[in-house]
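Predicted model follows, preceded by the sequence.
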Amino acid sequence: MFYSIFILKYFLFQFQQKIKQWAKPATLSLISGVISDLTRSRSDLIVENALLRQQLIVLHRQVKRPLFTQHDRFRLVLIARFSRFWKQALHIIQPDTFLRWHRDLFRFYWRMKSKRKQNKPKIPPGTIDLIRKMANENRLWGAERIRGELLKLGIKVCKRTIQKYMPKERKSPSSSQTWATFVKNHIGDIWACDFTVVYDWLFRPWHIFVIMELKTRRIVHSAVTTSPSDEWTAQRLREATPWGQGPKYLLRDRDSKYGLRFSAVAKGSGIIELKTPYRAPRANGICERFIGSLKRECLDHILILHGQHLRRVVKEFTIYFNQERPHQGIGQQIPDYNNQPEANPIGSITSRAILGGLHHSYSRQTYLH
């Protein structure tokens with residue numbers, strides 16, 4: 001009994017497939033086609049004609065393989081919605097392709113419907129344009145640097161808002177907690193000094209010596225030489241501390257360039273030397289960070305020709321660092337407090353190129369009536 005029912009269903013399915021194949025317009029003769037159309041409703045015939053007409057439009061448009069545009073796909077899917085015989089009216093596309101178009105249209109519909117509406121920015125468009133301008137003109141700046149420049153102009157914008165319009169910055173590792181506590185407690189009495197080496201276009205080494213005041217991040221003294229020695233370094237310390245003006249502590253490493261003469265000058269000025277441990281550059285992290293900024297933001301982008309050229313470049317960057325560059329370590333303030341202008345939100349914004357356009361300084365231009 002079960003076998004006979006299965007055979008009956010199989011022959012019924014084959015008969016339905018034959019009927020569908022015979023009902024296709026391409027397989028019917030003129031008379032049989034007219035007879036088949038008489039058995040169908042008027043709405044089905046109208047929908048089938050619309051499907052065929054749309055496919056003819058595509059065929060007339062192309063010479064070789066017909067290509068369907070998005071509008072063609074949308075019209076075919078929309079027309080097929082009103083007929084049960086849409087499969088019989090397809091001739092230049094497969095039903096599976098047609099169903100895939102419908103799924104793509106369904107996903108597109110819900111993607112557009114669930115798309116989050118963009119809220120209007122809470123800051124003025126002019127500020128957004130200024131942030132993008134600073135980011136484009138100063139490729140080496142991060143969000144904190146730009147926020148400091150905006151504070152100079154009287155514009156208060158948080159760091160996260162600035163990061164929406166520029167690449168994310170990389171966080172620098174923090175130093176040891178014990179040493180950081182010591183520096184924080186005595187930062188007003190500490191200077192730091194350090195050496196770095198750069199090479200000119202002839203691969204000759206040049207040594208740069210800097211002395212920094214840690215509390216204000218101000219560069220007290222800088223010098224350039226090809227052969228640093230104990231006597232040369234001691235003379236640089238004399239120039240940085242005229243008339244007994246110096247710190248209580250001087251932080252340095254254990255390089256041989258800091259010899260007996262250097263220690264004698266420091267002792268004569270009432271300065272106590274703090275020597276960092278071996279292989280511990282983070283112990284002098286603040287001065288090391290300036291050395292890194294000097295290289296990343298200046299020397300790595302300039303071809304050094306000779307000693308005089310290097311001295312001019314280091315001097316210009318030092319003036320810019322002391323008088324115009326906001327520093328993250330002191331709350332986006334300028335190291336030279338006396339030279340920092342008062343923030344004024346009124347007036348047009350002007351920019352001045354530093355180091356040939358490598359950096360820019362922004363200020364308000366006020367007009368006198």
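All right, it came through fine.

for the helix or strand hosting residue 43, the distance to its chain's centre please.
If you go by DSSP states H and E, residue 43 is part of helix 42-61. Distance, stretch centre to chain centre, for helix 42-61: 51 Å (CA atoms, centre = their mean, to the nearest Å).

low-confidence ranges in the stretch 101-250 of the chain?
116-121, 167-178 (pLDDT under 70).

Tell me where it has helices.
Secondary structure of the stretch 101-250 of the chain (DSSP state H, counting those that start in this stretch): helices at 125-137, 143-152, 159-163, 177-186, 230-240.

which residues touch the longest one?
Right, helix 125-137. Outside of helix 125-137, the residues within contact range by CB atoms under 8 Å, 6 or more residues apart in numbering are 121, 141, 146, 149-150, 155, 157, 162, 165-166, 349, 351, 357, 360, 362. To be clear about C-beta, it is placed using only N, CA and C from the backbone, and glycine gets the same treatment.

go with 7 Å
121, 141, 146, 149, 155, 157, 162, 165, 166, 349, 360 (CB atoms under 7 Å, 6 or more residues apart in numbering).

among those, which are in strands?
Counting by DSSP state E, those place 349, 360 in strands.

Closest to residue 108 out of the contacts of helix 125-137?
residue 121 (27.8 Å; CB to CB).

Around residue 152, how many other residues sit close by?
23 (other CB atoms under 10 Å).

how near is it to residue 247?
Distance, residue 152 to residue 247, by CB to CB, to the nearest Å: 28 Å.

do the same with residue 93
Residue 93 is 83 Å from residue 247, by CB to CB.

Comparing the two, which residue is more hemmed in?
Using other CB under 10 Å, the more surrounded residue of residue 93 and residue 247 is residue 247, with 24 against 16.

ok, the more buried one to residue 352 distance?
For residue 247, the distance to residue 352 - CB to CB - is 32 Å.

just residue 154 next, same as before
For residue 154 relative to residue 352 (CB to CB), the value is 18 Å.

same deal with residue 359?
Distance from residue 359 to residue 352, by CB to CB: 10 Å.

what about those two, which has more around it?
residue 359 (23 against 11).

Chain neighbours aside, what residue packs nearest to the more buried one?
Of all residues not flanking residue 359 in the chain, residue 138 sits nearest, at 5.8 Å (CB to CB, 6 or more residues apart in numbering).

ok, that neighbour touching residue 357?
No. Judged on CB atoms under 7 Å, residue 138 makes no contact with residue 357 at a distance of 9.7 Å.

shared neighbours, the two?
Joint contacts of residue 138 and residue 357 (CB under 7 Å, 6+ apart) do not exist.

Good, we can wrap up now.
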